[in-house]
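Asks: pasting a predicted model and its sequence here:
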Amino acid sequence: MPAKGKHRRPKSPRVTRAAAVASVSGAALALPLIGATGAHAATSNAAGTTSATGATAAAPATARTYTVRTGDSLSEIARKHHVTGGWKRLYKDNSSVIGSDASLIRPGMKLSLDGASVSRAALTTTTATADYVKPVDGPIGTPYHEAGSMWSSGYHTGTDFIVSTGTAVKAVAAGTVVSAGWDGAYGNDVVIRHADGRYSQYAHLSSIEVVAGQSVTAGQQIALSGATGNVTGPHLHFEIRTTPYYGSDVDPLAYLRSHGVSV
């Protein structure tokens, strides 16, 4: 297990230590988009077909589909598009593609937008996933290597993403969870080992949804952001390391960019 975190110097008075939450109970599910209400309406047939009586027959409606993209959240998009039945209806319509775990929505999945009958083969023709993704959707806060006496090392060992508590945190690449739990000044954190030998760390989490030894995929939700440990407000502290331990950090944004991530 990695050594206790030394991200920030201890504060006075002592911060009450929050217990890591491994359950996903009550967490918002990150699910893919389904189209807005009224999607069952038939599409107009501009060209049309003429019958023996001279009447123009409408072409049958074509089932609409949506290809999941990195960062998609079904609950959020369902709200924006006023989908009747919300994410539960959308999951029900596409459960044969998504699988038994409604929270595991991967980029590249093609889903029915309107609940119309679409063959499983048609829905799964686009299943390629991104190799690397951003850990969270949010702007950059404190950058890597910013100097300051508040950090034990004398500089910021990662990059902060400014997000509110409860924002979905995703694995940046496929890998194996090395540790998941309380880590001193880092609060609740997760460390993942990737195929290239690098380790990603996600800190100050409000809840954790993975356990040590678990395999994860790129873009899989692993936790929710928070403000545990030594912090001044909610955010995600993200590191890339050469070992699972504090003090082996490298530039996290340069690492993501080298793998094609726009950040």
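Replies: Perfect, I can see it now.
Asks: and the average pLDDT for the helix ranked longest in the chain is what?
Replies: If you go by DSSP state H, the chain has its longest helix at helix 86-98. Mean pLDDT, computed over helix 86-98, is 76.
Asks: partners of the following helix or strand past it in the sheet?
Replies: Reading on from helix 86-98 to the C-terminus, the next helix or strand found by DSSP states H and E is strand 110-112. When pairing is defined by DSSP bridges, strand 110-112 lines up against strand 65-67 (antiparallel).
Asks: quick one, helices of this structure?
Replies: 74-80, 86-98, 120-123, 252-258.
Asks: helices or strands next to the second one in the packing?
Replies: Going back to what we said before, that points to helix 86-98. With contacts defined as 3 or more Cβ pairs under 8 Å, 6 or more residues apart in numbering; DSSP states H and E, the secondary structure elements packing on helix 86-98 are helix 74-80, strand 110-112, helix 120-123. Glycine gets a C-beta too; all of them are placed from N, C-alpha and C.
Asks: at 6 Å instead, please
Replies: helix 74-80, strand 110-112 (3 or more Cβ pairs under 6 Å, 6 or more residues apart in numbering; DSSP states H and E).
Asks: hey, least reliable of those by pLDDT?
Replies: Here the lowest mean pLDDT among the helices and strands packed on helix 86-98 goes to helix 74-80, at a mean of 67.
Asks: pLDDT weak spots in the stretch 101-250 of the chain?
Replies: Scanning the stretch 101-250 of the chain for pLDDT under 70 picks out the ranges 101-107, 115-129.
Asks: tell me where it has strands.
Replies: 110-112, 159-161, 168-170, 175-182, 188-194, 199-208, 215-216, 221-225, 236-241, 249-250 (DSSP state E, counting those that start in this stretch).
Asks: put the alpha carbons of the fourth one into CSV.
Replies: Extracted in CSV, the C-alpha atoms of strand 175-182 (Å, rounded to 0.1, in the frame of the first residue of the first chain):
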residue,chain,number,x,y,z
GLY,A,175,-5.5,-0.5,-15.3
THR,A,176,-5.6,-2.1,-11.9
VAL,A,177,-6.5,-0.4,-8.6
VAL,A,178,-3.5,-0.4,-6.3
SER,A,179,-5.1,1.3,-3.3
ALA,A,180,-8.5,2.9,-2.5
GLY,A,181,-9.1,4.5,0.9
TRP,A,182,-7.9,7.1,3.3
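Asks: partner strands of it, with direction?
Replies: strand 188-194 (antiparallel), strand 215-216 (antiparallel).
Asks: what do you get for the last one?
Replies: Sheet pairing of strand 249-250 (DSSP bridges) gives strand 236-241 (antiparallel).
Asks: do the same with the longest one
Replies: Looking at strand 199-208 with DSSP bridges, its paired strands and their directions are strand 188-194 (antiparallel), strand 221-225 (antiparallel), strand 236-241 (antiparallel).
Asks: what's the closest of the ones you listed to Thr67?
Replies: Nearest to Thr67, of all the strands paired with strand 199-208, is strand 221-225, at 19.0 Å by Cβ to Cβ.
Asks: next, the buried residues of that closest one.
Replies: Gln221, Ile222, Ala223, Leu224, Ser225 (16 or more other Cβ atoms under 10 Å).
Asks: turn these into CSV, including distance to Val261.
Replies: Converted to CSV, the buried residues of strand 221-225 look like this (distance: Cβ to Cβ, whole Å):
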residue, distance to Val261
Gln221, 17
Ile222, 17
Ala223, 19
Leu224, 21
Ser225, 18
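Asks: among those, which one lies nearest to Ile240?
Replies: Ile222 (15.4 Å).
Asks: ok, and what's touching stretch 233-249?
Replies: Residues outside stretch 233-249 that contact it (Cβ atoms under 6 Å, 6 or more residues apart in numbering): 2-3, 5-6, 135-136, 141, 157-165, 169, 178, 191, 198-201, 203-204, 225-227, 250, 252, 255.
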